[in-house]
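J.: pasting the structure only:
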């Protein structure tokens, strides 16, 4: 990976990937990583989004638990092996436990401020996209930050639960447009949660494109794991680009 920058966060300093298409001004996009951490795959995804004409910031949202290097798989790990991928879930549990909804919401304005402060980020609306646990953060950011005009969430976990602090409840304060690509047969985002999210988007009068991607496992965008599904990953990139281009005007 190329050198990371450091940005202020609610409880310390977070490392982050920055991706730019060139030196000209472009709209900003916040990329909220999955539970496997800030690693080359996240950098690749940031670079691809940047190539559409955006400046992208991807923070290490696990910063409270350690550096990016400490909170991602070791170089000798092979998460394309299903057994290693399954066992790595045990590693991420304590990291996820530390990243509560309250802490996500405390970090959100810091991440947005850091994005807007990057060289080359144009004034105006911004976008956010999130993966796995990052879809929860992206949803919260879209509900809390009035400058967010576009929000994507893919193979999200626990976006719309029956708990009083569920991320989807923040959407009442949003004016963004949304795209959600849910994973088929995803135990972290069961059909009742998908239906609850759709109902909230409709209740709040929000523009949204949602779908359950067929035969797509949880984590389908992550090409460095056994969960990768090319069809779902490429569909997600198409739908996310259409959303950003329509709402951010790159």
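T.: Perfect, I can see it now. For clarity, every value in this text was computed on a predicted model and none was experimentally measured.
J.: going by C-alpha atoms from here, please, whenever you check contacts or count neighbours.
T.: OK.
J.: so after the strand or helix carrying residue 115, what's the next helix or strand?
T.: Taking DSSP states H and E as the criterion, residue 115 maps to helix 101-116. Next along the chain after helix 101-116, taking DSSP H and E as the criterion, comes strand 126-131.
J.: list the buried residues in that following strand.
T.: Buried residues in strand 126-131, counted by 16 or more other CA atoms under 10 Å: 126, 127, 128, 129, 130, 131.
J.: which strands or helices does that strand pack on?
T.: Applying 3 or more CA pairs under 8 Å, 6 or more residues apart in numbering; DSSP states H and E, one finds that strand 126-131 makes contact with strand 28-32, helix 133-144, strand 148-154, helix 230-248.
J.: out of those, which is closest to residue 186?
T.: Each of the helices and strands packed on strand 126-131 was scored for nearness to residue 186 using CA to CA, and the closest is strand 148-154 (11.5 Å).
J.: for the closest one, packing partners?
T.: So strand 148-154, by 3+ CA pairs under 8 Å, 6+ apart, packs with strand 126-131, helix 133-144, strand 177-183, helix 230-248.
J.: what comes into contact with the third one?
T.: Where contact means CA atoms under 8 Å, 6 or more residues apart in numbering, the residues beyond strand 177-183 that reach it are 149-156, 189, 194, 206-220, 236, 239-240, 243, 247.
J.: kindly recompute the last result at 6 Å.
T.: 150-155, 207-213, 216-218 (CA atoms under 6 Å, 6 or more residues apart in numbering).
J.: so how far is it off the chain centroid?
T.: Here strand 177-183 is found 11 Å from its chain centre; the criterion is CA atoms, centre = their mean, to the nearest Å.
J.: quick check: mean pLDDT of that strand?
T.: Per-region confidence: strand 177-183 scores 98 on mean pLDDT.
J.: taking helix 133-144 as reference, get the angle to that strand.
T.: Orientation check (axes from the mean of the first three to the mean of the last three CA atoms, to 10 degrees): strand 177-183 against helix 133-144 gives 160 degrees.
J.: quick one on the thing from earlier: export the buried residues of strand 126-131 as CSV, with columns for distance to residue 139.
T.: Shown next, in CSV, are the buried residues of strand 126-131 (distance: CA to CA, whole Å):
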residue, distance to residue 139
126, 14
127, 11
128, 8
129, 9
130, 8
131, 11
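J.: of those residues, closest to residue 95?
T.: For the buried residues of strand 126-131, the nearest to residue 95 is residue 131 (15.6 Å; CA to CA).
J.: correct me, but the closest one touches residue 151?
T.: No. Applying CA atoms under 6 Å as the test, residue 131 and residue 151 come out as separate, 11.4 Å apart.
J.: can you tell me which of the helices and strands packed on strand 148-154 is most buried?
T.: Highest mean neighbour count of those: strand 126-131, a mean of 28 (counted as mean count of other CA atoms under 10 Å).
J.: how far does it sit from its chain's centre?
T.: With CA atoms, centre = their mean as the basis, strand 126-131 stands 5 Å off its chain's centre.
J.: what does that strand contact?
T.: Strand 126-131 has contacts (CA under 6 Å, 6+ apart) with 28-34, 138, 148-154, 156.
J.: at 8 Å what do you get?
T.: 27-34, 135-138, 141-142, 147-156, 219, 244, 248.
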